[in-house]
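Novice: Model the structure of this input:
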Amino acid sequence: MSEENNTNEDTKTKVLGKINEIKSNVQTFINDVNVSEIKATLNAKMKEAQKDWNKLVDRDLADMKKKLQKEKAEVELKAKKFLEGHKKELSVLQAKIDKLVKSAKKVKAPAKKVPTKKTIAKKVATKKKVSKKK
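Specialist: Below is the predicted model of the structure:
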C-alpha cells in the first residue's frame, strides 16, 4: 500500500505541477498581451466594417433611386398617354353634343303663342230681399 500511496502522491504532485505550469503560462500570456491593443484593433476593425457596410448600402440606395426614377417616368408617361386618349374622346363627344344641340335648336318649332288668361268677372252675389206676406 505504501507503494500505491507513493504512486498516487507522485501522480498528484505531477498533476499539480502541470496545473501550476499551465497557470503560469496563462498568466505570462495575459501579461504579454495588452488588452488595450486588442480593444484598439477591434475598434478599428469595427469602424472599417461599418465603412464597408455604409458603402454597400449607399450603392444599393443609389441603384434603388435610379430604378424608382425610371419606374416613375414610365408611370407618368403611361398616365399622360391615358389622359391624352381620354381628352381626345371627350373632345369628340363634346363636338357631337354641340352638333346635336345646334340641330335641335334648328328643328325646334317656332314658339307657340301662349294663350293669355282672360279675367273672369266675378259675379257678386246679391241678397234677395224676401218680403213678408201679410
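Novice: Report the mean per-residue pLDDT for the longest helix seen in the chain.
Specialist: Scanning the chain for the helix with the most residues, using DSSP state H, yields helix 35-107. Computed over helix 35-107, the mean pLDDT rounds to 92.
Novice: Distance of residue 99 relative to residue 85?
Specialist: 22 Å (Cβ to Cβ, to the nearest Å). C-beta here means a position set from N, CA and C on the backbone, and glycine is covered the same way.
Novice: From the chain's centroid, how far away is stretch 51-67?
Specialist: Counting by Cα atoms, centre = their mean, to the nearest Å, stretch 51-67 is centred 20 Å from the centre of its parent chain.
Novice: ah, wrong one, I meant stretch 49-68
Specialist: For stretch 49-68 - counting by Cα atoms, centre = their mean - the centre lies 20 Å from the chain centre.
Novice: And that stretch, what's buried?
Specialist: Using 16 or more other Cβ atoms under 10 Å as the test for burial, stretch 49-68 gives no buried residues.
Novice: re the thing from before, who are the packing partners of the longest helix of the chain?
Specialist: Judged by 3 or more Cβ pairs under 8 Å, 6 or more residues apart in numbering; DSSP states H and E, helix 35-107 has no packing partners among the helices and strands.
Novice: Tell me the gap between it and the middle of its chain.
Specialist: 13 Å.
Novice: Then stretch 10-23?
Specialist: 69 Å.
Novice: Also stretch 32-49?
Specialist: With Cα atoms, centre = their mean, you get 42 Å for stretch 32-49.
Novice: Number the chain from 59, please
Specialist: New numbering, starting at 59: the last item is stretch 90-107.
Novice: what residue is smack in the middle of the protein?
Specialist: Central residue of the chain (Cα atoms, centre = their mean): residue 126, 13.1 Å from the mean position.
Novice: which ones are touching it?
Specialist: By Cβ atoms under 8 Å, 6 or more residues apart in numbering, residue 126 lies in contact with nothing.
Novice: Check the gap between it and residue 133 for me.
Specialist: Residue 126 is 10 Å from residue 133, by Cβ to Cβ.
Novice: Repeat that for residue 67.
Specialist: 89 Å.
Novice: Could you do residue 81 as well?
Specialist: Counting by Cβ to Cβ, the gap from residue 81 to residue 133 is 72 Å.
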